[in-house]
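Asks: Next input, structure requested:
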Amino acid sequence: MSTDSTLLEVNQVEVHYGGIRALHGVSLHVNQGEIVSVIGANGAGKSTLLRAIASVHRPSSGTIFFEGVPVPKAAHRTVRAGITLVPEGRRIFAPLSVRQNLLAGAYTRTDKKEIDRTLEGIYSLFPILKERLYQRGGTLSGGEQQMLAVARALMSHPKLLMLDEPSLGLAPVVIDALFERIVRLNKEMGLTILLVEQNASLALELSHRAYVLETGNISLEGRGQDLLADPRVQASYLGIIH
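Replies: Numbers count the residues shown, from 1 in each chain. Presented below is the predicted three-dimensional model:
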């Protein structure tokens with residue numbers, strides 16, 4: 001049940017690719033200050049859901065409200081409204097320097113002093129990026145590129161940060177460092193986060209609430225710890241057979 005603290009509300013959203021229905025009337029909500037995860041198998045529609053919220057894909061039916069009003073129909077206006085997506089695969093600008101990548105993330109902003117303040121916060125959160133400031137993005141390690149992708153998203157000063165498979169292709173030690181920073185963003189800065197993550201155990205451990213998406217439908221929802229203990233989730237996504 002959504003409340004006055006609801007930041008994002010997705011109501012009966014359907015998305016089609018040609019004749020294929022990728023999302024089947026999906027509904028979920030994210031409250032201010034939460035970490036909410038969406039887990040599910042490959043092809044379940046998780047990335048499609050995030051892209052619909054970010055206005056990259058237009059829903060064929062249903063509604064998406066952010067701060068009580070419909071999300072804009074254009075992706076750049078959705079960023080201005082306070083929703084930023086870190087896409088699967090990072091998609092940094094490989095030929096550009098780390099600094100240029102970061103400044104590209106602030107393209108909707110004109111407040112230079114505040115942009116500089118955001119940069120200093122990012123250097124504190126990701127010290128390695130300050131060390132690599134004038135290095136081309138494409139020469140960074142996979143973990144450094146993922147941190148750059150998150151940092152670039154933070155440059156827009158979002159109210160809702162959406163992360164699509166941030167651990168994909170990263171070594172366990174790098175994943176731990178990245179997710180420690182994600183938790184810090186939520187706990188210390190109050191940033192609301194919507195996370196799609198292949199590592200279901202990790203996602204559920206750090207999430208306040210979570211949803212299970214199966215073939216375009218929400219099949220389960222609840223507190224992260226409750227779903228972590230659910231035999232159905234354990235069998236399907238955690239490799240635990242009772």
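Asks: residue ranges of the helices in the protein, please?
Replies: 46-53, 75-81, 98-104, 112-125, 127-131, 142-154, 172-189, 200-206, 224-228, 231-237 (DSSP state H).
Asks: Export the ones you listed to JSON lines and append columns for distance to L213.
Replies: Every residue, glycine included, has its C-beta placed from N, CA and C. Formatted as JSON lines, the helices of the chain follow (distance: least, Cβ to Cβ, whole Å):
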{"stretch": "helix 46-53", "distance to L213": "6"}
{"stretch": "helix 75-81", "distance to L213": "21"}
{"stretch": "helix 98-104", "distance to L213": "30"}
{"stretch": "helix 112-125", "distance to L213": "29"}
{"stretch": "helix 127-131", "distance to L213": "32"}
{"stretch": "helix 142-154", "distance to L213": "22"}
{"stretch": "helix 172-189", "distance to L213": "20"}
{"stretch": "helix 200-206", "distance to L213": "11"}
{"stretch": "helix 224-228", "distance to L213": "12"}
{"stretch": "helix 231-237", "distance to L213": "11"}
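Asks: Can you check which of the ones you listed gets nearest to H16?
Replies: helix 46-53 (9.9 Å; Cβ to Cβ).
Asks: Averaged pLDDT, that closest one. What do you get?
Replies: Helix 46-53 shows a mean pLDDT of 95.
Asks: Next, count neighbours for the residue nearest to I175 when sequence neighbours are not counted.
Replies: Nearest residue to I175, sequence neighbours excluded (Cβ to Cβ, 6 or more residues apart in numbering): S167, at 4.6 Å. Neighbours of S167 under the rule other Cβ atoms under 10 Å: 21.
Asks: Would you mind confirming that S167 makes contact with I182?
Replies: No. Using Cβ atoms under 8 Å, S167 is not in contact with I182; the gap is 10.1 Å.
Asks: circling back to that earlier point, could the helices of the chain go into CSV alongside mean neighbour count?
Replies: Shown next, in CSV, are these (neighbours: other Cβ atoms under 10 Å):
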stretch, mean neighbour count
helix 46-53, 24
helix 75-81, 17
helix 98-104, 19
helix 112-125, 14
helix 127-131, 15
helix 142-154, 22
helix 172-189, 14
helix 200-206, 20
helix 224-228, 18
helix 231-237, 16
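Asks: List just the one of the ones you listed that sits closest to I20.
Replies: helix 46-53 (10.4 Å).
Asks: what packs against that closest one?
Replies: Helices and strands touching helix 46-53, by 3 or more Cβ pairs under 8 Å, 6 or more residues apart in numbering; DSSP states H and E, are strand 6-17, strand 20-31, strand 35-39, strand 83-86, strand 160-164, strand 192-196.
Asks: Can you lay out the ones you listed as JSON lines showing distance to G224?
Replies: Shown next, in JSON lines, are the helices and strands packed on helix 46-53 (distance: least, Cβ to Cβ, whole Å):
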{"stretch": "strand 6-17", "distance to G224": "17"}
{"stretch": "strand 20-31", "distance to G224": "13"}
{"stretch": "strand 35-39", "distance to G224": "7"}
{"stretch": "strand 83-86", "distance to G224": "20"}
{"stretch": "strand 160-164", "distance to G224": "15"}
{"stretch": "strand 192-196", "distance to G224": "10"}
